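>>> Provided below are the primary sequence and the corresponding predicted coordinates.
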There are 2 protein chains.
Amino acid sequence: MSRQNLKQQIYSQVARIGKAACHGHRLELLEYLAQGERTVEALAKLTGLSVANTSQHLRVMRHSGLVSARKDGLYVYYSLAGDEIVRLLSSMRRLAESHLADVGRLVRAYLTVKDELEPIPRRELLERARKGMVTVLDVRPPEEYASGHVPGAKNVPLKELAKRLKELPKNQEVVAYCRGPHCVLAFDAVAQLREKGFRARRMQDGFPEWREAGLPVEKTAATESRSGKN
Amino acid sequence: MSRQNLKQQIYSQVARIGKAACHGHRLELLEYLAQGERTVEALAKLTGLSVANTSQHLRVMRHSGLVSARKDGLYVYYSLAGDEIVRLLSSMRRLAESHLADVGRLVRAYLTVKDELEPIPRRELLERARKGMVTVLDVRPPEEYASGHVPGAKNVPLKELAKRLKELPKNQEVVAYCRGPHCVLAFDAVAQLREKGFRARRMQDGFPEWREAGLPVEKTAATESRSGKN
DNA sequence: CTAGTATTCAAATAATCAATTGAATACTAG
DNA sequence: CTAGTATTCAATTGATTATTTGAATACTAG
């Protein structure tokens, strides 16, 4: 085997990693998988893709080794194949944010003021939450909350937020988080809350990054991990 | 703009970063750019692509913000748009190595024994080089050496290695490096040297990573940075 | 100005990839 | 076993992307 061939083979192998992450839908899937394992159907529903299409995308990512699958009964549960992948995704996001002017603008599209919307760093949040100084708000769907959340966080899915405002304190800061730096759930929540006169901020990044950082995670005990439909 | 639209727009923007790195040729170009700025023609020659094709690939990476260009006289000099990109590339390589069994195998295809070929960490090399305990060998072409190298490193391009063996000490360890963890130059050099009875090892990764790690870099004074052909 | 060079562009073709469809597989429950 | 469900596969279509070609642009040197 010639040196030139070897080189090209290596590059195209490494490019397979890139290929797994060069499509919007696949990125979205990866982001959901960063939160825990999911079935094909669940992922299809979350992303709005057809089941077959979802399956195809998962297939290519599986061949690139980014995603692993385990079959249990009727369902195939997919998950990320390692923590390194979360780091790759963060790296891509950071690059996108700094190099593509559009992204930052899009992310802030909903928000009026930027000043007070600076996210609160994870460590700082952890300390202040321990002292009972803030209310931590998890705005993801209950299943995601159940499979792991920031200790002491209250789960109010975004959809229910409007109805459940009275459960939240007006005299204390509320810190919302969701799936990651580009997940719009927390942005929305903060926007809604601020509109209603609450003192609200976002947490830095989201839950996958929190777990990745090695910070404590709380789980709801009897997780119904094989719920039929969500 | 709906929430769903916003989300998809963000994902597809981030995917643009992935797209810049999901093609073998582009990865190769990025790797060369990690060593310093290059003209289109130089890159085309290095990669074996046509000039037009190289230009096209550079164009898409430029639009993704990974690569920047500066025109000086007749030439356009391309370079990486930031250090974060070196990190992204490392991340991809690490993933490829751990998740794609093929890559590790390919990289080691030339090598007989693995044991004594463990690379020497950068920090360790720096210390031992300062004490004069090792000979550091840069096996890249002279132009790359000139634009920056490990302090005290001796430049012997791989092609000339066989002829210039007498310049190297037999009683001292020789540590070779080249462009990065998957660059085969250093592998080849080590294999050749060991065959001739030298004590040779590779340095961890390569020069771009050395610089990225913030370690000292030496430059040849009067760099002829606008050399016509290389 | 002209000749020469580096790069880019535009258009065309070749190659690859995404998404859909309908059938096939693999499993569970009865 | 049969009926039902989740997932995958194979084949097709449509869309995007890679590469080549030849011409256009932008610059330098004389």
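Thanks, I have it. It should be emphasised that the depicted structure is a prediction, and the values quoted were computed from it without experimental measurement. Residues are numbered from 1 along each chain as shown, chains lettered A, B, ... in the order given.
>>> rest of the way, CA atoms for contacts and neighbours
Noted.
>>> got phi/psi on A:V67?
Here is the backbone geometry of A:V67 (degrees, to the nearest 10): phi -130, psi 140.
>>> excluding its backbone neighbours, what's nearest the residue nearest in space to the middle of chain A?
The centroid of chain A falls nearest to A:R179 when counting by CA atoms, centre = their mean (2.5 Å). The shortest distance from A:R179 to any non-neighbouring residue, by CA to CA, 6 or more residues apart in numbering or on different chains, is to A:G206 (4.6 Å).
>>> cool, A:A162 as well?
A:Q192 (8.0 Å).
>>> and that neighbour, what pLDDT?
We have a pLDDT of 79 for A:Q192.
>>> buried set for the top helix by length along chain A?
The helix that spans the most residues within chain A, counting by DSSP state H, is helix A:3-20. For helix A:3-20, burial by neighbour count (16 or more other CA atoms under 10 Å in any protein chain shown) applies to A:6-7, A:9-20.
>>> measure the residue nearest to A:A162 to DNA strand D for me?
Per CA to the nearest atom of the strand, to the nearest Å, A:Q192 is found 34 Å from DNA strand D.
>>> next: A:E143.
Here the criterion is CA to the nearest atom of the strand. By it, A:E143 lies 16 Å from DNA strand D.
>>> also A:L95?
Plainly put, A:L95 is 18 Å away from DNA strand D if you go by CA to the nearest atom of the strand.
>>> element containing that residue?
Per DSSP states H and E: A:L95 is located in helix A:84-99.
>>> isn't A:L193 right up against A:R202?
No: judged on CA atoms under 8 Å, A:L193 makes no contact with A:R202 at a distance of 11.1 Å.
>>> pLDDT score for the residue lying closest to A:V134 once chain neighbours are set aside?
Once flanking residues are discounted, A:V134 sits nearest to A:E173: 5.2 Å by CA to CA, 6+ apart. We have a pLDDT of 85 for A:E173.
>>> please name the residues that touch A:E173.
Remark: with contacts taken as CA atoms under 8 Å, 6 or more residues apart in numbering or on different chains, A:E173 is in contact with A:M133, A:V134, A:T135, A:F198, A:R199, A:A200, A:R201.
>>> and the next element down the chain from the helix or strand of chain A with the lowest mean pLDDT?
Ranking every helix and strand in chain A by mean pLDDT, DSSP states H and E puts helix A:101-107 at the bottom, with a mean of 57. The helix or strand immediately downstream of helix A:101-107 is helix A:122-130, counting by DSSP H and E.
>>> and that following helix, which residues are buried?
The neighbour-count criterion (16+ other CA under 10 Å) identifies A:R122, A:L125, A:L126, A:A129 as the buried residues of helix A:122-130.
>>> again with stretch A:63-71
Quick answer for stretch A:63-71 (16+ other CA under 10 Å): A:S64, A:G65, A:L66, A:V67, A:S68, A:A69.
>>> can you tell me which of these lies nearest to DNA strand C?
The shortest approach to DNA strand C among the buried residues of stretch A:63-71 belongs to A:S64, at 11.7 Å (CA to the nearest atom of the strand).
>>> dump the C-alpha coordinates for stretch A:135-145 into PDB.
What follows is stretch A:135-145, C-alpha atoms only, in PDB (Å, rounded to 0.1, in the frame of the first residue of the first chain):
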ATOM      1  CA  THR A 135     -35.500  28.300  41.700                       C
ATOM      2  CA  VAL A 136     -34.100  26.000  39.100                       C
ATOM      3  CA  LEU A 137     -36.500  25.200  36.300                       C
ATOM      4  CA  ASP A 138     -36.300  22.300  33.900                       C
ATOM      5  CA  VAL A 139     -38.500  23.100  30.900                       C
ATOM      6  CA  ARG A 140     -38.000  19.800  29.100                       C
ATOM      7  CA  PRO A 141     -40.700  17.200  28.700                       C
ATOM      8  CA  PRO A 142     -41.300  14.900  31.800                       C
ATOM      9  CA  GLU A 143     -39.600  11.900  30.300                       C
ATOM     10  CA  GLU A 144     -36.400  13.800  29.800                       C
ATOM     11  CA  TYR A 145     -36.600  15.200  33.300                       C
END
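>>> from memory the residue nearest to A:R179 sits against A:A176, does it?
No: taking contacts as CA under 8 Å, A:G206 lies outside contact range of A:A176: 9.1 Å.
>>> could you measure from the closest residue to A:C22 other than its chain neighbours over to A:M92?
Excluding the flanking residues, the one nearest A:C22 by CA to CA, 6+ apart is B:G18, at 4.1 Å. B:G18 is 7 Å from A:M92, where distance means CA to CA, to the nearest Å.
>>> point out where chain A drops to low pLDDT.
Under the criterion pLDDT under 70, the flagged ranges of chain A are A:1-6, A:100-117, A:195, A:221-230.
>>> go again with 50.
Filtered on pLDDT under 50, chain A yields the residue ranges A:1-3, A:109-115, A:223-230.
>>> if we can go back for a sec, cross-check the contact I'm expecting between the residue nearest to A:C22 and A:R16.
No: taking contacts as CA under 8 Å, B:G18 lies outside contact range of A:R16: 10.6 Å.
>>> what does chain A have sitting close to DNA strand C?
Contacts of chain A with DNA strand C, taken as CA under 7 Å from any atom of the strand, map to A:H23, A:H25, A:L49, A:S50, A:A52, A:N53, A:Q56, A:H57, A:D72, A:G73, A:L74.
>>> sec struct for the fifth one, please.
The one in question is A:A52. Classification of A:A52 by DSSP: H, G, I helix; E, B strand; the rest coil places it in helix.
>>> returning to what we had before: show me what contacts the residue nearest to A:C22?
A:G18, A:K19, A:A21, A:C22, A:H23, A:M92.
>>> can I get these in a markdown table with distance to DNA strand D?
Formatted as a markdown table, the contacts of B:G18 follow (distance: CA to the nearest atom of the strand, whole Å):
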| residue | distance to DNA strand D |
| --- | --- |
| A:G18 | 11 |
| A:K19 | 10 |
| A:A21 | 12 |
| A:C22 | 9 |
| A:H23 | 8 |
| A:M92 | 17 |
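>>> returning to that earlier point: and the residue nearest to A:R179, how far is that from DNA strand D?
The gap separating A:G206 from DNA strand D is 25 Å, by CA to the nearest atom of the strand.
>>> that residue: neighbour count?
With neighbours defined by other CA atoms under 10 Å in any protein chain shown, the count for A:G206 comes to 22.
>>> and for A:H182?
When counting by other CA under 10 Å, one arrives at 24 neighbours for A:H182.
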